[in-house]
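J.: quick check, what structure comes out for this input:
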Amino acid sequence: MSKTATMTMAAMAAAACLAVQAPGAEVTVGADVASAYVFRGVTFNDGAVFQPYAEIGGLPVGLIVWGNLDIDDYDDTLNGGQFSEIDLALSYDLPLGTDKFGASVGYTEYTYPGAEGDADREAALDLTLDVPLSPSLGFYYGVDGGIEKSLHVGFALKHKVEMGKDAALTLGAGVGHENPDEGENGFSYYTASAKLSYKMLTASVTHIGQIDDDVLPDAETIVAEDGTAEFSNGYDVELVAAIGISYTF
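T.: Numbers count the residues shown, from 1 in each chain. Next up is the predicted model:
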C-alpha cells in the first residue's frame, strides 16, 4: 500500500475512533467501487475507481473523509493503484427550529496527491425541504485553488421507495449550473439515478447528460507544438455504475 493510501486510511480510522468516544456520535465507514469517477458532470477517470470514506454525524459539526483510488489509468494523466484525490469536509447544521426546512454550512478541501497544483477549497450552503421529492439546493463557492471565485449551484430531487424491512429503491434527478471565474456560465449537466440498497449493500446507476458544451466542454487531448500532450478534463462519461458497502455504529 502506498504512503498516501496509508495516510488516508489512518485519517479515517483516527476520525472514527475520536467520534466513538463522543456521546451521540454516529460513525459510518464504507467504500464504493464505480465504473468511472464523474463529479459535477466532469469526468476525472473513465475507468474503474475505488472510493473509501468515513463520515461522522450526530455532533454539532459533521466530518467526512473521502478518497478516490484509480484502479485504471486515465489517458496517461492518472496511474492505476494510486490515490488521485483525498477530500476533507466539515459541515454544521443551522438551528432553524423546524423539521420541515433544513440548512447547513460547510467547508471542503480537495487535495490531489502527486499533483503539482495546490488544493481546491470551497465553502457551501445547503438547503433542504422535507416534502415529497425532498428538494435540495446547494451553493458552492471556491475560496482558493483552481476553483477560486467560481460558483456551482446544484438542485436535486429524490424519492425513496421502501421494498421491505431492509431494502429500498431511491430514484434521483439533479441539474448543475456553473458560474466560473473565467469562461462560460450556465447550466452544464443533468443527472438521473437509481440506487438499490439492502442492509449494508448498495448498487446504483447514474446517467449524466451534457446541457451546454460551451459550459461543460467535451474532454480532449491537447497536443502542443513540441509534441507533448496534455489531457483536459470535461464531459467524457454518460453512465456510471457502482456497488458499495457501508457500516454505521
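
J.: so what pairs up with the residue nearest to the spatial centre of the chain in the strands?
T.: With distances taken as CA atoms, centre = their mean, the residue of the chain nearest its centroid is residue 39 (6.0 Å). Beta-bridge pairing for residue 39 (DSSP bridges): residue 42.

J.: and the pLDDT at it?
T.: You'll see residue 39 listed with a pLDDT of 98.

J.: residue 186 versus the closest residue to residue 59 other than its chain neighbours, what's the distance?
T.: Excluding its sequence neighbours, the residue lying closest to residue 59 (CB to CB, 6 or more residues apart in numbering) is residue 25, at 5.4 Å. In this view, the C-beta of every residue, glycine as well, is placed from N, C-alpha and C. Per CB to CB, to the nearest Å, residue 25 is found 41 Å from residue 186.

J.: got it, and residue 237?
T.: Applying CB to CB, the value for residue 237 to residue 186 is 21 Å.

J.: these two - which one has more neighbours?
T.: residue 237 (19 against 12; other CB atoms under 10 Å).

J.: in contact with that one, which residues?
T.: Shown in contact with residue 237 (CB atoms under 8 Å, 6 or more residues apart in numbering): 36, 38, 43, 46, 208.

J.: for residue 238, same thing?
T.: Neighbouring residues of residue 238 by CB under 8 Å, 6+ apart: 207, 208, 209, 210.

J.: follow-up on the earlier one: which residues are in contact with the residue nearest to residue 59?
T.: Taking CB under 8 Å, 6+ apart, we find residue 25 in contact with 19, 56, 57, 58, 59.

J.: same thing with residue 219?
T.: By CB under 8 Å, 6+ apart, the contact set of residue 219 is 43, 231, 232, 233, 234, 235, 236.

J.: of those, buried ones?
T.: Buried members of those, scored by 16 or more other CB atoms under 10 Å, are 43, 233, 235, 236.

J.: my read: the last one touches residue 47, true?
T.: No - counting by CB atoms under 8 Å, no contact exists between residue 236 and residue 47, whose distance comes to 10.8 Å.

J.: chain center to stretch 148-158, what's the gap?
T.: 12 Å (CA atoms, centre = their mean, to the nearest Å).

J.: list the buried residues for that stretch?
T.: Buried residues in stretch 148-158, defined by neighbour count with 16+ other CB under 10 Å: 150, 151, 152, 154, 155, 156.

J.: what about those residues, which are in strands?
T.: Judged by DSSP state E, strands contain the following of these: 151, 152, 154, 155, 156.

J.: how about the last one, nearest residue that isn't a chain neighbour?
T.: Pointing back at residue 156 there. Closest to residue 156 by CB to CB, 6+ apart is residue 174, at 3.8 Å.

J.: how many other residues sit next to the one you found?
T.: Close neighbours of residue 174, defined as other CB under 10 Å, add up to 20.

J.: pull the CA atoms of whichever strand or helix holds it into PDB?
T.: Assigned by DSSP states H and E, residue 174 belongs to strand 167-179. In PDB, the C-alpha atoms belonging to strand 167-179 read as follows (Å, rounded to 0.1, in the frame of the first residue of the first chain):
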ATOM      1  CA  ALA A 167     -34.400  -2.900   1.100                       C
ATOM      2  CA  ALA A 168     -35.200   0.400  -0.600                       C
ATOM      3  CA  LEU A 169     -35.100   1.900  -4.000                       C
ATOM      4  CA  THR A 170     -34.100   5.600  -4.300                       C
ATOM      5  CA  LEU A 171     -34.700   7.500  -7.500                       C
ATOM      6  CA  GLY A 172     -33.000  10.800  -8.100                       C
ATOM      7  CA  ALA A 173     -32.600  13.700 -10.500                       C
ATOM      8  CA  GLY A 174     -30.400  16.800 -10.500                       C
ATOM      9  CA  VAL A 175     -29.100  19.700 -12.500                       C
ATOM     10  CA  GLY A 176     -26.000  21.800 -12.200                       C
ATOM     11  CA  HIS A 177     -25.300  25.500 -13.000                       C
ATOM     12  CA  GLU A 178     -21.700  26.800 -13.300                       C
ATOM     13  CA  ASN A 179     -20.500  30.400 -12.900                       C
END
